[in-house]
Every structure is written in structure tokens, then in C-alpha cells.
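Chemist: attaching a predicted model along with its sequence, questions to come.
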Amino acid sequence: MTAQHTGFDFPNGVVEPEYDLWAGEVNTDPTGVFADLSEADAAWRSKARRFVLEEVKKDIHEYWDKADYPLHLVKKLGDADLLRDGLNLEGFSSMSPLAAGLVNMEMARGDGSVATIIGVQAGLAVRSVMYCGSDEQIAKYALPMIAGELPGAFALTEPTHGSDSVSLETSARKVEGGYIINGEKKWIGNGSIGGVSIVWARDEENKVRGFIVHQDAEGYNATTIENKLSLRAIWQAHIRLENVFVPDEDVMPEAKSFKDTSRVLFATRLGVAWSAVGHATACYESAVNYAKQRVQFGRPLAASQIVQERLARMQSELATIQVLTMQATKREASGELTGPQASLAKYTATRTARSIASNARDLLGGNGILTSNRVARHFADIEAIHTYEGTETVQALIMGRDITGFSAFA
């Protein structure tokens with residue numbers, strides 16, 4: 001395998017090489033964990049992979065560099081039926097929990113922002129309506145979101161309540177015909193692009209309720225957060241809700257406590273673990289391709305002992321999180337997955353993906369910090385998935401409580 005050339009000639013006649021880090025010859029399944037996928041699950045994985053190669057690969061780094069949202073991909077994701085995250089509805093092809101995980105993995109392998117679009121739109125917004133909404137709300141909101149025709153956001157996190165989201169302060173006051181919402185939300189994906197936001201707020205009885213809020217409603221003010229290091233091709237918003245009226249028809253009837261919110265969040269935790277596997281896969285295959293193509297001291301980097309040891313370590317780490325996440329998904333499919341097990345998968349996968357990305361970035365040397373190369377974007381994006389859907393510390397406390405029997409949250 002040889003590097004392609006950019007055609008730029010230096011004064012001494014040397015041509016600067018351009019490396020193909022997307023080359024497909026790398027074995028990214030060293031233990032054969034994906035060898036026995038069912039035909040249906042394998043088809044979902046292939047569909048997601050094709051989408052990345054045909055719709056994402058060619059220009060995603062430009063969107064990422066400019067912090068621009070590739071909104072056209074939302075409708076294309078809907079057209080490809082990739083905005084479901086394992087949610088099954090009549091008239092749609094069945095999608096197993098493993099299929100949903102594999103889609104998350106392949107999307108993150110392509111780009112973290114695109115994977116997060118699915119996580120926000122399908123995993124959180126659609127799931128909230130499917131779990132907590134009425135049949136009328138599912139028809140009016142969930143189906144258009146699945147089709148990619150209606151952007152959806154999940155507005156839980158507040159400026160002063162991230163990990164302790166159970167302490168949310170956004171208020172909902174009952175009035176004739178609906179509720180008046182006041183409060184602030186932050187880091188809300190899709191919260192400033194038009195569409196609807198699923199807003200979680202406390203009513204006058206201190207119960208956490210869920211509301212479908214139109215982003216063009218009077219008093220809904222959303223500012224896109226700028227200067228992000230991670231996930232630059234999806235927009236997160238800082239939202240201020242000032243006396244926003246929500247009619248009774250947009251109050252989700254089955255959202256009655258924070259347990260209902262937690263049910264939605266629990267269902268997405270393995271999706272983040274699968275995304276971490278996808279990021280790690282991209283970094284590993286990029287490092288292998290680069291090591292084979294990059295020539296130093298008269299031979300490919302891949303011929304060096306220290307490089308081979310580093311690649312072996314990365315392969316070992318990748319195999320570990322593949323097997324762990326696969327096992328957790330099997331338990332989810334059988335209804336046996338526990339909260340601590342989901343936390344273990346998310347905690348281990350994101351930590352390990354960080355390690356693989358760090359090694360890959362280092363192996364690429366100066367080329368590792370170029371955002372036009374895959375590794376730099378994944379290196380940055382992993383920092384976001386390591387934090388959202390429960391930080392490393394929160395996951396550790398959930399696991400620690402299970403290990404010891406003592407809660408250390410306070």
C-alpha cells in the first residue's frame with residue numbers, strides 16, 4: 001500500500017504524500033465478534049456503513065471545520081430509515097437492540113456529529129414521545145421526526161444542573177388550556193434549528209413532566225453555542241424559556257416523574273458505548289493505514305517494533321470494548337440489562353476509546369492534529385461522548401454503589 005500524492009512539489013523535488021486513512025483492508029474485528037450476526041442485523045450495519053461512505057465521507061471534515069450543521073443529512077437519514085435507534089413501529093422494518101447499536105457504531109466510525117444527530121433525534125426526542133406520548137402525539141411528532149421531516153431536541157440539562165439533572169429547576173405552571181414554562185436549558189442538540197424540543201420541567205406539585213415545545217413559540221429563545229472543540233457539525237443550544245405557553249395537547253400524558261425521564265436516558269446509554277466503539281474503530285484503522293503508508297528512515301512505520309506494539313495494544317483495547325458492548329447488548333435484548341451493567345459498558349468504552357484515539361493521534365505525528373485527517377476529529381469528538389449521557393464520574397458512582405452497597409452521590 002502506498003500513499004497518494006497531493007502534487008505539491010517542494011524545492012528539493014520531494015512530493016508531499018496524502019494518506020488514505022479510510023482504506024478498507026484493515027481487520028477491525030480481531031476476535032470475530034461480528035462474524036455471526038443475523039442477516040437482519042448485518043443488513044442494518046451495511047446500510048449504515050454505505051450511508052457513511054456515500055453521504056458523509058466526502059465533505060464531513062469541511063462541516064466540522066466550519067462548525068456548520070449538515071442539515072440535509074437529517075432528511076437523508078430519515079429516508080434511509082436510520083432515525084429509529086431500535087424503536088419499532090408498525091409498518092417499519094424490525095430493528096433489534098443490536099442493530100441499533102451497530103448503526104450507532106458505524107455512524108460514529110464515520111463521524112461523531114452524525115452519530116449524535118441520530119442519538120438526539122431518535123434516541124432521545126423520538127423515544128420520549130414513543131415512551132411518554134399519546135397515540136396522537138406519536139402520529140403528529142414521532143413519525144415526522146423518524147422521517148427526518150421534523151427536527152427534534154431533548155431539553156433536560158440546565159446551566160446549573162448537568163450531572164444532577166434530577167434537580168432541574170425549569171418550572172411548569174398550570175393555566176387554562178395548558179401550561180406556562182419558565183427556565184433555562186443548555187447543551188441541547190437540535191435546540192436551535194427549528195422543530196420541537198422535548199422540555200422537562202417541574203410542575204406545581206414538584207413532579208417532573210414532559211412537554212412538546214415548538215421552537216417558534218413565543219418566549220422560546222435559543223442561541224447556538226459556539227467555540228466548541230467537539231462535535232462541531234451538530235449544533236447545541238442555550239435555551240431560555242420565558243412564559244412559553246404549551247397547550248394541553250402537547251403535554252405528554254405518560255411523563256409523570258423523573259423515573260420516566262430516566263427510562264429514556266437508560267435506553268440510550270448503550271448507544272453511547274457503541275458510538276465509542278465506532279470512534280475507536282476509526283482511530284485504529286486510520287493508525288494501521290497510516291503506519292503502512294508512512295515511510296520514515298527508509299521503511300514503513302509498520303515495520304518498526306515499537307509501532308507494532310502500539311498497534312497490538314490498540315487492537316487489544318478495541319477487541320475488549322467490542323466484546324463488552326456486545327455482551328451488554330445481548331442482555332438488553334433479553335430484558336436483563338441492569339443500570340450498573342449499562343454504566344460499566346459506557347464507562348469502559350469511552351475511557352478505552354480515549355486511549356486508542358490518543359495512541360493513534362500520537363502515531364500520526366504532526367499529521368495527527370490535522371482535522372482533514374480522521375483521527376483529529378475523532379480524538380476531539382470522543383471528549384464529548386465521554387461526558388454526555390452521564391459523565392465518567394457519574395457512571396463510576398453507579399457502579400460503585402452496586403459494588404459496595406453504599407451510595408456516594410451526595
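Modeler: Everything's here; your move. The model shown is predicted, which means the values in this text are computed figures rather than measured ones.
Chemist: look up how far Gln236 lies from the residue most central in space within the chain.
Modeler: Centroid-nearest residue in the chain, with C-alpha atoms, centre = their mean: Thr116, separated by 3.5 Å. Remark: distance between Thr116 and Gln236 (C-beta to C-beta, to the nearest Å) = 9 Å. For glycine as for every other residue, the C-beta is placed from the backbone atoms N, C-alpha and C.
Chemist: then Gly119?
Modeler: Counting by C-beta to C-beta - Gly119 and Gln236 are separated by 12 Å.
Chemist: what touches both of those two?
Modeler: Residues touching both Gly119 and Gln236 (C-beta atoms under 8 Å, 6 or more residues apart in numbering): Gly189.
Chemist: quickly list what's touching both of Thr116 and Gln236.
Modeler: Joint contacts of Thr116 and Gln236 (C-beta under 8 Å, 6+ apart) are Gly189.
Chemist: need the contact list for the residue found closest to Ala100 once you drop the neighbours it is linked to in the chain.
Modeler: Nearest non-adjacent residue to Ala100, counting by C-beta to C-beta, 6 or more residues apart in numbering: Gly86, 3.2 Å away. Going by C-beta under 8 Å, 6+ apart, Gly86 touches Met95, Ser96, Pro97, Ala99, Ala100, Gly101, Ala267.
Chemist: which one among those gets closest to Gln296?
Modeler: For the contacts of Gly86, the residue nearest Gln296 by C-beta to C-beta is Gly101; the value is 38.0 Å.
Chemist: ramachandran angles for the closest one?
Modeler: phi -60, psi -40 (degrees, to the nearest 10).
Chemist: then Thr28?
Modeler: Taking degrees, to the nearest 10 as the convention, Thr28 sits at phi -100, psi 10.
Chemist: was I right to think it contacts Asn289?
Modeler: No: here Thr28 does not reach Asn289: they are 11.2 Å apart, not a contact under C-beta atoms under 8 Å.
Chemist: neighbour count for the two, which is higher?
Modeler: Using other C-beta atoms under 10 Å as the criterion, Thr28 and Asn289 rank with Asn289 on top: 22 against 18.
Chemist: which of the contacts of Gly86 sit farthest apart?
Modeler: Among the contacts of Gly86, Ala99 and Ala267 lie farthest apart (C-beta to C-beta), at 14.4 Å.
Chemist: the more surrounded of Gly119 and Gln236?
Modeler: Gly119 (27 against 24).
Chemist: which stretches in this structure count as strands?
Modeler: For the chain, the strands defined by DSSP state E cover 4-9, 15-18, 152-155, 171-175, 178-189, 196-202, 208-214, 220-224, 236-247, 295-296, 299-300.
Chemist: just for the stretch 1-150 of the chain, where's the confidence low?
Modeler: 1-16 (pLDDT under 70).
Chemist: just the contacts of Gly86: which are in helices?
Modeler: Pro97, Ala99, Ala100, Gly101, Ala267 (DSSP state H).
Chemist: still on that earlier bit, Ala99 and Ala267: who's more crowded?
Modeler: Ala99 (25 against 22).
Chemist: for the more buried one, which non-adjacent residue is closest in space?
Modeler: For Ala99, the closest residue by C-beta to C-beta, 6+ apart turns out to be Trp44, at 3.9 Å.
Chemist: was I right about that neighbour contacting Asn104?
Modeler: No: look at Trp44 against Asn104 with C-beta under 8 Å: they stay out of range, at 10.6 Å.
Chemist: which one's more surrounded, the two?
Modeler: Taking neighbours as other C-beta under 10 Å, Trp44 and Asn104 compare with Asn104 leading, 30 against 26.
Chemist: and the more buried one, what does it touch?
Modeler: Asp85, Ala115, Ile118, Gly119, Gly271, Trp274, Ser275, Gly278.
Chemist: what pLDDT does the last one get?
Modeler: Which is Gly278. We have a pLDDT of 98 for Gly278.
Chemist: now do it: how many residues are near it, please.
Modeler: 29.
Chemist: my guess is it contacts Leu102. True?
Modeler: No: counting by C-beta under 8 Å, Gly278 sits too far from Leu102 to count as a contact (9.2 Å).
Chemist: thinking again about what came up before, can you put the strands of the chain in JSON lines and add distance to Arg263?
Modeler: What follows is these, written out as JSON lines (distance: least, C-beta to C-beta, whole Å):
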{"stretch": "strand 4-9", "distance to Arg263": "49"}
{"stretch": "strand 15-18", "distance to Arg263": "48"}
{"stretch": "strand 152-155", "distance to Arg263": "13"}
{"stretch": "strand 171-175", "distance to Arg263": "19"}
{"stretch": "strand 178-189", "distance to Arg263": "19"}
{"stretch": "strand 196-202", "distance to Arg263": "12"}
{"stretch": "strand 208-214", "distance to Arg263": "11"}
{"stretch": "strand 220-224", "distance to Arg263": "26"}
{"stretch": "strand 236-247", "distance to Arg263": "21"}
{"stretch": "strand 295-296", "distance to Arg263": "53"}
{"stretch": "strand 299-300", "distance to Arg263": "51"}
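Chemist: ranking these by burial, who's on top?
Modeler: strand 152-155 (a mean of 30; mean count of other C-beta atoms under 10 Å).
Chemist: so what strands line up beside that strand?
Modeler: strand 196-202 (parallel) (DSSP bridges).
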